[in-house]
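Asks: need a 3D model of the following:
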Amino acid sequence: MNFAYTILYVDDVAATLEFYTRAFGFERQMLHEAGDYGELKTGTTTLAFASRQMLIDMGKSPTAPGNPTFEIAFTTDDVAAAVDRAVAAGAQLIDAPQQMPWGQTIAYVSDNSRFLVEICTPIGQ
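Replies: Model (predicted):
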């Protein structure tokens, strides 16, 4: 079994794909013609977005943005530069880069849908 993808439910899939392209440098893999589902090329695991309205239409109830129940994390060798790029693209700075006791550098931003995004160096670096 392989972990294939994570889907975040957002109000505007196209705008979210554009934000992640500008903020984190990911390339858009696809946007469905209806605009309710899209994916980014992020490596071996796909980061996908679907509209909250589509989820509601399927009879499910999405949680409100700003009340995260999880975070996504991206690793990089230059956390400060990645944070600067994300903030310049419209991300909100939550926690500036800081060195953790175990040696990892970690920062947090909030994306355009208020999901928590950790930007960090790989563990063990």
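Asks: going forward, measure contacts and count neighbours with C-alpha atoms only.
Replies: OK.
Asks: list the buried residues for the helix or strand of the chain with the lowest mean pLDDT?
Replies: Within the chain, no helix or strand scores below helix 52-57, which has a mean of 83 by mean pLDDT, DSSP states H and E. Using 16 or more other C-alpha atoms under 10 Å as the test for burial, helix 52-57 gives Arg52, Gln53, Met54.
Asks: out of these, who's nearest Thr121?
Replies: Closest to Thr121 out of the buried residues of helix 52-57 is Arg52 (31.4 Å), distances taken as C-alpha to C-alpha.
Asks: state the distance from Phe24 to Lys60.
Replies: Distance, Phe24 to Lys60, by C-alpha to C-alpha, to the nearest Å: 30 Å.
Asks: same check on Leu31?
Replies: Distance from Leu31 to Lys60, by C-alpha to C-alpha: 22 Å.
Asks: what about stretch 14-25, distance to the chain center?
Replies: Mean-position distance between stretch 14-25 and its chain equals 9 Å (C-alpha atoms, centre = their mean, to the nearest Å).
Asks: just stretch 112-125 next, same as before
Replies: 8 Å.
Asks: so which residues make contact with that stretch?
Replies: Residues from elsewhere that reach stretch 112-125 (C-alpha atoms under 8 Å, 6 or more residues apart in numbering): 10-11, 16, 19, 65-66, 68, 70-79, 82-83, 90-91, 102-111.
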